[in-house]
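> What shape does this take:
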Amino acid sequence: MTGFELSQRCQFGQEITAVLFTSARGHYALFWNPDGTYEMVCGNAIRCLAHFICDDSAALNHVPVETPRGHYLSRKLDANQGSVVMPDHTIRVAIPNDGGDLLVDAGTPHRIRLVNEEWPDPDLREARSCSGGANPVNFNLVRKIAPFHHRVRTFERGVGETSSCGTAAVAIVAALEALGDALVDLSARHLIQFASGEQLFVTGGRSLGSYEITGRVTLLQDISL
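Alright, predicted model coming up:
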């Protein structure tokens with residue numbers, strides 16, 4: 001098998017390193033944070049995968065990829081947009097903790113906290129602490145702007161605050177769905193807007209069997225293989 005450092009060629013606002021292996025059996029991906037810790041999946045990396053593999057002139061390419069978490073589908077929608085389809089069984093929502101935060105395992109653990117303003121200092125301190133502590137988790141502060149529109153600050157374990165996170169986007173929508181605050185209209189497109197200005201859109205839901213995350217993809221310079 002041959003490995004490629006996907007993250008060196010695709011820009012998606014994420015500091016993770018994704019390594020793609022290809023063989024006659026298909027594609028397999030592994031993921032590492034900058035501090036060397038391992039992740040079972042990276043939604044943004046998989047979302048970029050079809051652009052990485054497919055000719056730039058081709059659109060609507062569908063590339064299946066396997067990770068330690070499960071099987072996903074990368075889609076090239078056009079030259080600048082890509083998506084990843086994540087099966088609902090790969091996303092697990094736990095009951096709220098004592099503070100009301102929801103815990104969502106999307107292949108990487110996410111803690112979801114709804115806030116009413118941008119951004120309370122105590123919540124920011126806790127987000128930084130929990131994402132960088134002895135047992136770190138990704139911590140997401142989520143503010144509702146309008147129906148199906150949320151602004152987010154995401155602090156990733158092994159990274160710190162990140163400008164975009166695919167698993168965070170789907171974890172937030174899954175959490176809102178569990179709280180009864182999402183997917184009233186299954187055709188709705190949820191806008192997850194990060195503090196950096198990066199935007200991801202999430203469609204689908206548990207009752208439909210999968211979630212799809214869509215966003216921009218920018219190919220960087222070629223790398224030596």
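> Residues contacting the helix or strand where I112 lies, please?
Element membership for I112, per DSSP states H and E: strand 109-114. Residues outside strand 109-114 that contact it (C-beta atoms under 8 Å, 6 or more residues apart in numbering): 99-104, 123, 127, 130, 137-144, 157, 167-168, 171-172, 175. Bear in mind the C-beta positions are built from the backbone N, C-alpha and C, glycine included.
> please redo it, this time with the cut-off set to 6 Å
101-104, 137-142, 168, 171-172, 175 (C-beta atoms under 6 Å, 6 or more residues apart in numbering).
> How about the residue nearest in space to the middle of the chain: what's its closest non-neighbour residue?
By C-alpha atoms, centre = their mean, the mean C-alpha position of the chain lies nearest to G166, the distance being 1.4 Å. Nearest residue to G166 in three dimensions, chain neighbours excluded: G43, at 2.2 Å (C-beta to C-beta, 6 or more residues apart in numbering).
> same check, this time on I192
Once flanking residues are discounted, I192 sits nearest to A169: 4.2 Å by C-beta to C-beta, 6+ apart.
> Which elements pack onto the helix or strand hosting that neighbour?
Assessed by DSSP H and E, A169 sits inside helix 166-178. Packed against helix 166-178 by the contact rule (3 or more C-beta pairs under 6 Å, 6 or more residues apart in numbering; DSSP states H and E) you find helix 43-53, strand 102-105, strand 109-114, strand 199-205, strand 210-216.
> if we can go back for a sec, list the contacts for the residue nearest to G166?
By C-beta under 6 Å, 6+ apart, G43 lies in contact with 84, 166-167, 213.
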